[in-house]
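# structure here, sequence nowhere to be found:
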């Protein structure tokens, strides 16, 4: 009994010891709103060690964030953003430049982490993310297939895997209608070397590259679970974990889950490689995730918020969560799981071209591409209709006169 | 009841109806004729983002809203008349498709695609809900008293479940290799993908709606059955009426006002079908009018949303419900007036 008590008090000590792993005692209430995937859980749990901190982890944060930050005072002091979700905050001027705070408290930051807009640092990135190739090494080796570098090689490999019949479906894809499907087209179209907009913000997707992208997406779906239009990242991740698919172009932030023995039946068998290239470059886009600080908060609050945020991005945090993401934070040791993102970047993948127009285009694509995949429209009509849908919303938004 | 007491009783509810129903409706109606746009300017922006091994900086022309002195985006409000309605209905394309008798291409236009599904969904589930509800009510009414309680409890369960949760649980039974799909595959010895084509999802959605709403019809009908005149029923038996004839000529006429009531409620509810679209994530194949409004209202990554078109789409949905309800309302009105005479 005494032993148990001692053990318990030792544990308590250990916990409180960990809880004080923050370089200051925070007394200003600080709240954050961010997405809810693993990396954010890791970072916010380290932020919480400073005290008086409340994290809201919500996958639907993007619908709340602009309005919450426009309130005065802002409902959150810290915001978690990515390339795309930074745009409305920048446009509405609801976040503050961080340069003076970085000078005071950001000694640990590297230059690569600072998101600069016209020379001012508006956000601090903590990780990069991209969709890249994940494949079952055992299957590819057994069948003597080299790791595919281009999408044509992906198709050839898929055909061989299908003939061998070793998995249910050779390819998995995040083709769920809406944002996911839109993202797939954006990746492929940029990979084909396409441009989305003309000089006056008009849509320019109705071209050869657009048709080629649609055709390639459709060819890929022939090797997928026929329910691909409802399959999101989690679904594809589970397909991998259950050994149902052999290849997928999946988010780097999902890589860690492949080797999680509690969920995965294929521990150690899934390997990472760069996103396959289409005609021009790697068919993927680079994303970053990071934090912003609200403008509508007092300087004192902003300072506390920034210090709390910095305590979430420490080498200790990275050490405890090394394989959760491809961190930009100091102390990160790129493991085999980071290979995919690095190779994708080396193969020329562009940063996601976030802008107001792109938001509208992404929505139009997400809603429109399915019609081609299901066979309701041909490629030309699909692209023309997507352009028309974009034009309607761009006119309504005032982006096209 | 004198006028003052009447006003005291009715006043609060009229006030609340004006505040929570009429006012928002008028505001949506007004919004559908105006568009609010930020004032944009084009500027050179240099953006630096993480790269390997160093940052990548891009200088490009960006369109961004102009901020006023108060730090808010400057906006202009413009009267556009019926433009938002035209953008939703796309009459030119719809008319061209109709003239060519090409219904396939008519149904690729969002609004018409949504209308087609919404109407089919509403009109197919209506008789099923009434039929199933009535069948359960009659079964329970004829069951022995001992098991009546448990049967009522079990039949009410689907109605208690939150709609989205109910839809999700049915989806999980069928998606991928869900329990039900696995069972069907084993039973029919073939590969089945319930979510790979539109019509199977549509069937699942209708099945879900009937499963969810039939208990409501059942409760109402069961209450109605308690008030059927027993003397009439007995004389029908003496006259040699069969079970079916008693149902057809005594019970159903007695329940008629309730059937009209259930139909009214069901038409209003199922024309606004929404949970099923989200729950079964059927957007690629089937969308509803309510979902269309929701989609227009949802901000994208860059924070854009189409308030005017969403308002127009909401008004069109309301007009649709009114059109559907007119025949039933006229019947109720006539019965009401007839009853007074």
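Now that the structure is in, tell me what you want to look at. Quick caveat, the model's predicted, so the values are computed rather than measured.

# from the stretch 51-200 of chain B, which residue is nearest to chain A?
residue B:196 (3.5 Å; CB to the nearest CB). From N, CA and C alone the C-beta is placed, and that goes for glycine too.

# all strands of chain A, in order?
A:30-34, A:53-57, A:78-82, A:114-117, A:120-136, A:169-172, A:245-251, A:270-273, A:285-293, A:326-327, A:350-351 (DSSP state E).

# what's the burial count for residue B:22?
Residue B:22 is flanked by 11 other residues according to other CB atoms under 10 Å in any protein chain shown.

# quick one: residues contacting it.
By CB atoms under 8 Å, 6 or more residues apart in numbering or on different chains, the contact set of residue B:22 is empty.

# please tell me how far it sits from residue B:268.
Counting by CB to CB, to the nearest Å, the separation of residue B:22 from residue B:268 is 17 Å.

# which ones are touching residue 276?
Picked chain A for this. A:133, A:148-151, A:153-154, A:249, A:282-283.

# you looked at the wrong chain, it should be chain B
B:121, B:167, B:205, B:208-209, B:282, B:288 are the contacts of residue B:276 under CB under 8 Å, 6+ apart.

# make TSV out of the residues you listed and add pLDDT and secondary structure.
Shown next, in TSV, are the contacts of residue B:276 (pLDDT from 0 to 100; DSSP: H, G, I helix; E, B strand; the rest coil):
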residue	pLDDT	secondary structure
B:121	96	helix
B:167	88	helix
B:205	93	helix
B:208	93	helix
B:209	93	helix
B:282	88	coil
B:288	94	coil
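
# out of the residues you listed, who's the most crowded?
That'd be residue B:288 among those, by other CB under 10 Å, with 28 neighbours.

# was I right about that residue contacting residue B:273?
Yes: using CB atoms under 8 Å, residue B:288 is in contact with residue B:273, at 4.5 Å.

# let me see the contact set for residue B:114.
B:287-289, B:291-292.

# okay, and which of the residues you listed map to helices?
Among those, the members falling in helices (DSSP state H) are B:289, B:291-292.

# and the helices in the stretch 301-401 of chain A, which stretches?
A:315-320, A:339-346, A:356-368, A:370-373, A:379-397 (DSSP state H, counting those that start in this stretch).

# hey, which of those is tucked in deepest?
helix A:356-368 (a mean of 25; mean count of other CB atoms under 10 Å in any protein chain shown).

# ok so, going back, closest to chain A among the contacts of residue B:114?
residue B:287 (8.8 Å).

# skip the chain neighbours and tell me the closest residue to the closest one.
residue B:114 (4.8 Å; CB to CB, 6 or more residues apart in numbering or on different chains).

# and the residue nearest the centre of chain A, what does it touch?
Geometric centre of chain A, nearest residue: residue A:129, 4.7 Å, by CA atoms, centre = their mean. Residue A:129 makes contact with A:82, A:251-253, A:286-289, A:325-326, A:341, according to CB under 8 Å, 6+ apart.

# which among those gets closest to chain B?
residue A:288 (5.0 Å).

# so that closest one touches residue A:328, yeah?
Yes: Residue A:288 is in contact with residue A:328 according to CB under 8 Å; the separation is 7.5 Å.

# hmm, residue A:206 is touching residue A:385, no?
No: judged on CB under 8 Å, residue A:206 makes no contact with residue A:385 at a distance of 9.6 Å.

# could the contacts of residue A:276 go into JSON lines alongside neighbour count and pLDDT?
Below are those laid out as JSON lines (neighbours: other CB atoms under 10 Å in any protein chain shown; pLDDT from 0 to 100):
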{"residue": "A:133", "neighbour count": "23", "pLDDT": "96"}
{"residue": "A:148", "neighbour count": "20", "pLDDT": "95"}
{"residue": "A:149", "neighbour count": "17", "pLDDT": "94"}
{"residue": "A:150", "neighbour count": "16", "pLDDT": "95"}
{"residue": "A:151", "neighbour count": "22", "pLDDT": "96"}
{"residue": "A:153", "neighbour count": "15", "pLDDT": "95"}
{"residue": "A:154", "neighbour count": "24", "pLDDT": "96"}
{"residue": "A:249", "neighbour count": "26", "pLDDT": "95"}
{"residue": "A:282", "neighbour count": "28", "pLDDT": "93"}
{"residue": "A:283", "neighbour count": "29", "pLDDT": "95"}
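
# in helices only, show me the residues you listed.
Using DSSP H, the contacts of residue A:276 in helices are A:151, A:153-154.
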